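Q: generate coordinates for the sequence data below:
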Amino acid sequence: MDTLHLAYSDPYGASDAAGLAALGALYAFSAVLGLIGYAITAFLAMKVFERAGVEGKWRAWVPVYNYMVFAKLGDVSPWVILGIVIAGVIPILNFLALLAGIVVLIMAAVRVNAKFGREWPILLLFLLSGLGVWIWLGILGFSGNRWNPAAASPSPWGNSFLADKTVWNGVPVQPAQQGVGANAAPQGYGAPQGYSAPPAGSTPPAAGTTPP
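A: Residues are numbered from 1 along each chain as shown. Here you go, the predicted structure:
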């Protein structure tokens, strides 16, 4: 009688290995896309920061800190952003932290949009997220509109814990911050173009006269 030889085959081992390899490739591809997306966002934010008078290009490239600087430009306390990030790693609070983060960033974006003299329809790009945020940042960072901190009306949260009262070297102080008048020039800004200080020892013109 012929001997029957049974060959053992593993129907799952090869497929599992192939699945893990495909999953690993997918994760690697997603990580590369994430890094590219972050680089684009940081570069566009850097241009916006430069036009807003923020010193140091590195500020736009540091995770979390760049959102804190953006919040300050939008008259929102940067510590609120940090608190939301910390809450986001707590399992029970992560979903609420995500919603709070979206709301706070929109509040800051409204202020930044107004300080660039942009109308609210442009802000709709920011609300679209993703590509919309890139387009919005690109418009602010490369358009001809100048940054004018006094252009925005007082924030509704000016007397709450959301208000920005923190002063950081290299980040212009906004008019809404404590100790800064509504018409005061923010830190990092010089005198208006065309203005020259009067000579030392000169007296102001008498009332009713027109200076030369």
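
Q: where in the chain is pLDDT low?
A: 1-14, 178-212 (pLDDT under 70).

Q: how about stretch 54-72: buried residues?
A: Buried residues in stretch 54-72, counted by 16 or more other Cβ atoms under 10 Å: V54, R59, A60, W61, N66, Y67, M68, V69, F70, A71, K72. No exception for glycine: its C-beta is placed from N, CA and C like everyone else's.

Q: and if you look at stretch 166-175?
A: W168, V171, P172, V173, Q174, P175.

Q: next one: that stretch to chain centre, how far?
A: Centre-to-centre, stretch 166-175 and its host chain are 15 Å apart (Cα atoms, centre = their mean, to the nearest Å).

Q: and that stretch, end to end?
A: Start-to-end span of stretch 166-175 (Cα to Cα, to the nearest Å) is 12 Å.

Q: you'd agree N145 is up against R118?
A: Yes - at 6.5 Å, N145 and R118 qualify as touching, with contact defined as Cβ atoms under 8 Å.

Q: which one's more surrounded, these two?
A: R118 (18 against 14; other Cβ atoms under 10 Å).

Q: you'd agree that one is in a strand?
A: No - per DSSP: H, G, I helix; E, B strand; the rest coil, R118 lies outside any strand segment and is coil.

Q: let's see stretch 51-71 as CSV, backbone CA atoms only.
A: What follows is stretch 51-71 as a C-alpha-only set of coordinates in CSV (Å, rounded to 0.1, in the frame of the first residue of the first chain):
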residue,chain,number,x,y,z
ARG,A,51,3.7,89.7,10.4
ALA,A,52,2.2,90.0,13.9
GLY,A,53,5.6,91.1,15.3
VAL,A,54,6.5,87.8,17.1
GLU,A,55,10.3,87.4,17.4
GLY,A,56,11.9,84.0,16.8
LYS,A,57,10.8,81.7,14.0
TRP,A,58,11.2,78.7,16.3
ARG,A,59,8.1,79.6,18.2
ALA,A,60,5.9,78.4,15.3
TRP,A,61,7.6,75.0,15.2
VAL,A,62,7.3,73.9,18.9
PRO,A,63,4.3,71.7,19.4
VAL,A,64,1.7,73.1,21.9
TYR,A,65,3.7,76.2,22.4
ASN,A,66,2.8,77.5,18.9
TYR,A,67,-0.9,77.2,19.8
MET,A,68,-0.2,79.1,23.0
VAL,A,69,1.4,82.0,21.1
PHE,A,70,-1.5,81.9,18.6
ALA,A,71,-3.9,82.2,21.6
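
Q: in the chain, which spans are helices?
A: Along the chain, counting by DSSP state H, helices occupy 13-51, 65-73, 78-87, 94-115, 120-127, 131-142.

Q: okay, those in TSV with distance to P154 next?
A: TSV is the format used below for the helices of the chain (distance: least, Cβ to Cβ, whole Å):
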stretch	distance to P154
helix 13-51	22
helix 65-73	16
helix 78-87	18
helix 94-115	10
helix 120-127	17
helix 131-142	21
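
Q: quick one: closest of the ones you listed to A151.
A: For A151, the closest of the helices of the chain is helix 94-115, at 5.3 Å, according to Cβ to Cβ.

Q: what comes up buried for the closest one?
A: Using 16+ other Cβ under 10 Å as the test for burial, helix 94-115 gives 97, 100-101, 104-105, 107-115.

Q: any chance of those in JSON lines, plus distance to Y38?
A: Below are these laid out as JSON lines (distance: Cβ to Cβ, whole Å):
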{"residue": "A97", "distance to Y38": "20"}
{"residue": "A100", "distance to Y38": "22"}
{"residue": "G101", "distance to Y38": "16"}
{"residue": "V104", "distance to Y38": "20"}
{"residue": "L105", "distance to Y38": "16"}
{"residue": "M107", "distance to Y38": "23"}
{"residue": "A108", "distance to Y38": "19"}
{"residue": "A109", "distance to Y38": "18"}
{"residue": "V110", "distance to Y38": "24"}
{"residue": "R111", "distance to Y38": "24"}
{"residue": "V112", "distance to Y38": "20"}
{"residue": "N113", "distance to Y38": "22"}
{"residue": "A114", "distance to Y38": "27"}
{"residue": "K115", "distance to Y38": "25"}
